[in-house]
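*Asks:* Quick one: sequence and predicted model below, then my questions.
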Amino acid sequence: MAKRTTGTFTAAGQNSAAILGKEAEALLTGTFTATVVPQVQDANGNWAPLDGVSMTAPAARKFEMAVSRPWRLAVTAFTAGPIAYELAGEEFPNQT
């Protein structure tokens, strides 16, 4: 993966920095009670969750799209944490 962003989530409503690519890899670590959802930006600039995908425990996941889009992680529910995250992706030119 060519671009990587890391950080820590400590509350609901927080988002990671965005990365661009056809694919993204997310890694969550820590002891937490929360829901983290990968989101992709559509052609109109709106962020949308991936259908049926959420992370509620430490895990590593890979996501793919047919075209290059911005990706981010969003905390949609939070009880306790912290959640350390890493989001990585390839910086492909935007293809529609």
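*Replies:* Here it is on my side, so go on. Residues are numbered from 1 along each chain as shown.
*Asks:* Bridging across strands, which residues link to the residue nearest the centre of the chain?
*Replies:* Residue closest to the average C-alpha location in the chain (C-alpha atoms, centre = their mean): L73, at 2.7 Å. With beta bridges defined as DSSP bridges, L73 has these partners: P38.
*Asks:* Assess the claim that it and V37 are in contact.
*Replies:* Yes - with contacts counted by C-beta atoms under 8 Å, L73 reaches V37, the gap being 7.3 Å. No exception for glycine: its C-beta is placed from N, CA and C like everyone else's.
*Asks:* Can you tell me the SS state at T35?
*Replies:* State at T35, reduced to three classes by DSSP: H, G, I helix; E, B strand; the rest coil: strand.
*Asks:* Mind listing the strands the host helix or strand of L20 pairs with, and their directions?
*Replies:* The secondary structure element spanning L20 is strand 19-29 (assigned by DSSP states H and E). Each strand that strand 19-29 pairs with, and the sense of that pairing, follows from DSSP bridges: strand 59-80 (antiparallel), strand 83-89 (antiparallel).
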